[in-house]
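Attaching a predicted model along with its sequence, questions to come.
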Amino acid sequence: MKNVKSFLKEPLSITGFSFCYYQQVNLQEEIKRHIYKQLYVKPSESTSSSTTVKISYHAWIRWNECIGPAIGWDELKRLCGQLALLPKRIQLFQNYGLIDEDICFLYTLCDDTVEITTFYGRLCLYPELTRLLKDEEVLSKDNQISFSPSILKRQTAPIVPVEMITYESDDGMYQLEKYQVMTQHGTVKSIFFLLNITTKTVISFDTKHLHLSMLSKVTLYVLWVMGYEKLVVDHMNVYYSKKQHADLRLACKV
């Protein structure tokens, strides 16, 4: 099957991450909302380009008091470290920072390391924060905002993919993200979301089933190097020309 790769097209550039430390399972609709929101994140004064994020002990305590859901210190450090690798997830402003344009924190910056010193709350739970964030004097004081355990338990931790590949082709930039999804029947399956960063469009497909529309040869190349050879072969057998079908079957036998 190695010859199948000759039918595919290599991206102009490709980078990727595999997140094996902090994994979560979300509903497919939650992931869709998250992805579409990320496509339209407005540029901040500075989107963190640091891959090193530290979490103070006090910040962890404050997370469990005003952010939620409850999480262990080591788990929170892993989560924030992975968010730092993802585009536009952590945004740094002059006096504060935001995760997913919602979770507010204060930080210090030393060289290329961001240390989150405390969390202030979620803008969705405490809209007044939007005004307070503009007041340096207020931000300099200890924040006592907290919520009941029942409210914090209903919150969702920042969604993180299992895998993410960013690549460039002749027609633009793409992001291929793999998530663990909870189905309506309570089972867990893997689903890919393909983001076209240029056109701001998204398609999704199950790794075990053929997609409803044709995937480009560049995307199929990315899936191939990720180890989804059978998916690529099945897809090409369905969507590409008869001549390519014959050549592909021959290549699979080699």
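Everything's here; your move. Residues are numbered from 1 along each chain as shown.

What residues sit buried inside stretch 217-231?
When neighbours are counted by 16 or more other Cβ atoms under 10 Å, the buried residues of stretch 217-231 are found to be 217-226, 228-229, 231. All C-beta spots, glycine's among them, are computed from the backbone N, C-alpha and C.

Pull the most distant pair out of these.
Of all pairs drawn from the buried residues of stretch 217-231, the one with the longest distance (Cβ to Cβ) is 218 and 229, at 16.2 Å.

residues near the closest residue to residue 126 other than its chain neighbours, how many?
Ranked by Cβ to Cβ, 6 or more residues apart in numbering and with sequence neighbours excluded, the top spatial neighbour of residue 126 is residue 145, at 6.1 Å. Residue crowding around residue 145 was assessed by other Cβ atoms under 10 Å; the count is 18.

try residue 121
By other Cβ under 10 Å, the residues close to residue 121 number 22.

and if you look at residue 150?
Residues lying near residue 150 (other Cβ under 10 Å) number 8.

so it is in which element?
helix 149-153 (DSSP states H and E).

Just the buried positions in that helix, please.
Those would be residue 152, for helix 149-153 by 16+ other Cβ under 10 Å.

by contact count, what packs against it?
Counting contacts by 3 or more Cβ pairs under 8 Å, 6 or more residues apart in numbering; DSSP states H and E, helix 149-153 packs against helix 57-66.

which outside residues touch the helix it packs on?
The contact list for helix 57-66, computed with Cβ atoms under 8 Å, 6 or more residues apart in numbering, reads 70-71, 73, 76, 105, 116-122, 143, 145-147, 152.
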